[in-house]
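K.L.:
Got a predicted structure plus its sequence, pasted below:
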Amino acid sequence: MRNLLPYSLNHNNSLIDIIDSKQEPRKGILVNALNEVSRDYSNYLSNVNNLEMMNNHVKDYERSEDLKKLKEALIHCYDSTTSPLDKLKANIKKAQPDDYAAFCQYCGIGIPSTFDHYLPKSNFPEFSVLGINLFPCCSDCNREKNDRWINDNGIREFLNLYYDSIDNYSQFLYCEITVKTNIPVARFFLEKPTMINQQDYQVIEKHYNNLGLLSKYSLLSNGEIKKAISNLRRKYQRNGTFDIKLELTDHSDDEAEIYGVNYWKASLYQGMANSTSLIQLIKSN
Ligand SMILES: [Zn+2]
């Protein structure tokens, strides 16, 4: 898991381009609301490191017919394809580092084929095409996250890939490998590092639980472990002094180097390196 880079060229300009591409009556409704939406954008930008505060700014769009129409028009800016919207999406993707842009950073598994609205557009239609509220992610994560973002106690339900300090977090995702009747099983778990404060760690826990990531990683590990066993067994049979533990540790470090210390494969290979029973299994036969 790595931070994504917020695409932060002029947000108002990209909104104006999208409004320009709309037809009446939506266009007129949006032009009239432009100043207010610009103020909402500034409010979002000044709260990016404290997004919980945005829960105090949920607007009641149901209180008049005009506001209902405005909400519909704002959501339509995202739901209906226009070339300025396509350009915005392409620019957000282009801003991401090539090394890990191929994977959804919510989970580290899927391909980022969709965009998640961190502040859901159902509650915050004013941010439906705000670049820093849009996160490239896989369809599984987008579906699981849906309209959730904060709980009743004001704790966020998901990590914010732009503004939580994910790249600076020390390791919190671990994997333990056990071998029963020659079958290795991977169990992933979270552990709070002392460097991460309790509130940030709560968000991490919620993120992993809400997306069901630990069990997904265990499932994906089965094939990965089998591949590693046959590869390492071959090398060990060719050369009896081959250091299996070192090889697994190197693999873990290589995964962490690109995808972060909390990437599931980095934890998996670290877990394999630490499992004497797995190394014994590789050496047998
Ligand atoms: Zn995902």
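P.N.:
Alright, I've got the coordinates.
K.L.:
show me what contacts S128?
P.N.:
By CB atoms under 8 Å, 6 or more residues apart in numbering, the contact set of S128 is L74, I75, C77, Y78, D79, H117, K121. To be clear about C-beta, it is placed using only N, CA and C from the backbone, and glycine gets the same treatment.
K.L.:
And the pLDDT at D99?
P.N.:
Looking at D99, its pLDDT stands at 87.
K.L.:
Wondering if the lengthiest helix in the chain reaches the ion at all.
P.N.:
Ranked by residue count and defined by DSSP state H, the top helix of the chain is helix 213-238. No. Helix 213-238 stays clear of the ion (CB under 5 Å from the ion), getting no nearer than 8.7 Å.
K.L.:
same question for that helix, mean pLDDT?
P.N.:
pLDDT averaged over helix 213-238 gives 97.
K.L.:
about what we covered before: top of the contacts of S128 by number of neighbours, please.
P.N.:
L74 (25 neighbours; other CB atoms under 10 Å).
K.L.:
shouldn't that one be in contact with L30?
P.N.:
Yes. Between L74 and L30 there is a contact under CB atoms under 8 Å: 7.2 Å.
K.L.:
May I have stretch 143-156 exported as CSV, CA atoms only?
P.N.:
Output in CSV follows, covering the C-alpha atoms of stretch 143-156 (Å, rounded to 0.1, in the frame of the first residue of the first chain):
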residue,chain,number,x,y,z
ARG,A,143,-18.4,-1.5,-4.4
GLU,A,144,-17.4,-2.5,-0.9
LYS,A,145,-16.8,1.1,0.1
ASN,A,146,-19.9,2.4,-1.5
ASP,A,147,-21.3,5.5,0.3
ARG,A,148,-19.5,4.8,3.6
TRP,A,149,-16.7,7.0,4.8
ILE,A,150,-17.2,7.9,8.5
ASN,A,151,-19.0,6.3,11.4
ASP,A,152,-21.3,7.8,14.1
ASN,A,153,-18.3,8.4,16.4
GLY,A,154,-16.6,10.6,13.7
ILE,A,155,-13.9,7.9,12.9
ARG,A,156,-13.2,7.5,9.2
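K.L.:
Need the contact partners of it.
P.N.:
Contacts of stretch 143-156 with the rest of the structure, by CB under 8 Å, 6+ apart, involve 51-52, 55, 106, 116, 118-120, 122-123, 137, 157-158, 199, 202-203, 206, 210-212.
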